[in-house]
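Asker: here is a sequence together with a model predicted from it:
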Number of protein chains: 2
Amino acid sequence: MSVTERLQLQAIDRFWETIPPLWGTIRTHIRAEAARKFDISVEQFHILRHVRRGIGSISELAAAKNISRPAISQAVDVLVKKGLLTRIHSSQDRRFVELTLTDAGNNLLDTVFQETREWMQERMSSLTTDELQAIAKVMTVLKKMLD
Amino acid sequence: MSVTERLQLQAIDRFWETIPPLWGTIRTHIRAEAARKFDISVEQFHILRHVRRGIGSISELAAAKNISRPAISQAVDVLVKKGLLTRIHSSQDRRFVELTLTDAGNNLLDTVFQETREWMQERMSSLTTDELQAIAKVMTVLKKMLD
DNA sequence: ATAAAATAGTTTCAATACTTAATCATTAAT
DNA sequence: ATTAATGATTAAGTATTGAAACTATTTTAT
């Protein structure tokens, strides 16, 4: 087994020990925050997040989140009824639905994000500047894996 | 704003750009593999994984996965019916149910893990040894955040 | 120019998974 | 010995999901 291969396997093992529980913890935190203040699920929150990042159609959302179009369509329904999103048929191609955040949607996102950020910051308070820089750098490396 | 604070926020931003989509991609891969070969969901797979890691009771599983005990109990039902897990009432305290993997369960885990590992390795093939070491190190740093 | 095909989204429906509340079995406490 | 606590399960209701069928719109092919 080559050195590179061993390093790959080590990175994978560490990844599996770390990311699933960490992600679960974060999800739980968001769910608690979002539910307490806005009665919204993590999945709904993520849809709003994607829309703000510029993913503005049902199909794009479905692809980004790896779930079916109907599931997205129905989730969007709820968000529209809650007054957090608006559906607008594109003037260029009327088949497309352009999703945009309402003021309330933007406000919700700001609030939950801010609180999650603060919560994560607390968790990071014991880390050194080197460790923080390393995290940021590794995240860009991991993003390369997605391409 | 202090340097440390700015580094924390940068790390958090990168984390959010990276981990949710990466994790989603991995989940999708596992779902495809596990469903194709064993007709099992990602959540069921994760329960098996936790059991192998030594989490051997319903309550521990519920705490680890942040979902309710009944949900775990029902999921375990399915896994027992599939012949992947066994329930044994503890001899020390008969209220406890000790979960153990059957040979089929171990085999399933080995297979899906091996394939996921290979898939991740492929994705990592473009990374340098330095980057791989950085990933492993950062994962241990992130784990500190969970405590 | 028009019919057929493709695309974006929605609705319906059945299956699955989750949660809360109530319950059973067992152990601990007074 | 009775009561309280703990671990797990069952029951009932809700919510989320995907497959299939459908509408509306646009593109392609003839």
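Answerer: Happy to help now that I have it. Bear in mind that the values here come from a model prediction, so they are computed numbers and not experimental data.

Asker: which residues does the residue nearest in space to the middle of chain A contact?
Answerer: For chain A, the residue nearest the mean C-alpha position is A:His46 (4.7 Å; C-alpha atoms, centre = their mean). Taking C-beta atoms under 8 Å, 6 or more residues apart in numbering or on different chains, we find A:His46 in contact with A:Lys65, B:Pro20. Every C-beta, even on glycine, is put in place using the N, C-alpha and C of the backbone.

Asker: now do the buried residues in whatever helix or strand it lives in.
Answerer: Using DSSP states H and E, A:His46 maps to helix A:42-52. Buried residues in helix A:42-52, counted by 16 or more other C-beta atoms under 10 Å in any protein chain shown: A:Val42, A:Gln44, A:Phe45, A:His46, A:Ile47, A:Leu48, A:Arg49, A:His50, A:Val51, A:Arg52.

Asker: and it, does that touch DNA strand C?
Answerer: No - if you take C-beta under 7 Å from any atom of the strand as the test, helix A:42-52 misses DNA strand C, and the best it gets is 10.9 Å.

Asker: gap between the residue nearest to the centre of chain A and B:Trp119?
Answerer: 24 Å (C-beta to C-beta, to the nearest Å).

Asker: likewise for A:Ser90?
Answerer: Taking C-beta to C-beta, one finds A:Ser90 at 37 Å from B:Trp119.

Asker: for A:Lys82, same thing?
Answerer: Applying C-beta to C-beta to A:Lys82 and B:Trp119 gives a distance of 38 Å.

Asker: what's the end-to-end length of stretch A:51-59?
Answerer: 12 Å (C-alpha to C-alpha, to the nearest Å).

Asker: so that stretch, near chain B or not?
Answerer: No - for stretch A:51-59, no contact with chain B is found by C-beta under 8 Å from any C-beta of the partner chain; the gap never falls below 8.8 Å.

Asker: show me how far that stretch is from its chain's centre.
Answerer: Here stretch A:51-59 is found 12 Å from its chain centre; the criterion is C-alpha atoms, centre = their mean, to the nearest Å.

Asker: kindly report the same for stretch A:34-51.
Answerer: Centre to centre, stretch against its chain (C-alpha atoms, centre = their mean), the figure for stretch A:34-51 is 10 Å.

Asker: what angle separates the helix ranked longest in chain A from helix B:42-52?
Answerer: Assignment by DSSP state H gives helix A:3-38 as the longest helix of chain A. Per axes from the mean of the first three to the mean of the last three C-alpha atoms, to 10 degrees, the angle that helix A:3-38 makes with helix B:42-52 is 120 degrees.

Asker: mind checking pLDDT for A:His46?
Answerer: At A:His46, the predicted lDDT confidence score is 91.

Asker: separation between it and B:Thr140?
Answerer: Where B:Thr140 is concerned, A:His46 sits at a distance of 27 Å (C-beta to C-beta).

Asker: check A:Ile26 too.
Answerer: In terms of C-beta to C-beta, A:Ile26 sits 18 Å off from B:Thr140.

Asker: flag the shaky bits of chain A, pLDDT-wise.
Answerer: Counting by pLDDT under 70, chain A contains no low-confidence range.

Asker: mind doing that once more with 90?
Answerer: A:1, A:16-17, A:20-43, A:56, A:64-66, A:113, A:144-147 (pLDDT under 90).

Asker: now, among the buried residues of helix A:42-52, which is nearest to chain B?
Answerer: Relative to chain B, the closest of the buried residues of helix A:42-52 is A:His46; by C-beta to the nearest C-beta it sits at 7.0 Å.

Asker: where's A:Arg87, which helix or strand?
Answerer: strand A:85-89.

Asker: next one: A:Leu99
Answerer: Applying DSSP H and E, one finds A:Leu99 within strand A:97-101.

Asker: would you mark the buried spots in that strand?
Answerer: Per 16+ other C-beta under 10 Å, strand A:97-101 contains these buried residues: A:Val97, A:Leu99, A:Leu101.

Asker: restricting to C-alpha, output that strand in CSV.
Answerer: Once non-C-alpha atoms are left out, strand A:97-101 reads as follows in CSV (Å, rounded to 0.1, in the frame of the first residue of the first chain):
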residue,chain,number,x,y,z
VAL,A,97,-40.7,29.4,-11.5
GLU,A,98,-38.4,32.0,-10.1
LEU,A,99,-38.2,31.7,-6.3
THR,A,100,-37.3,34.8,-4.3
LEU,A,101,-37.2,35.4,-0.6
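
Asker: and that strand, which strands flank it?
Answerer: Each strand paired with strand A:97-101, and its direction, by DSSP bridges: strand A:85-89 (antiparallel).
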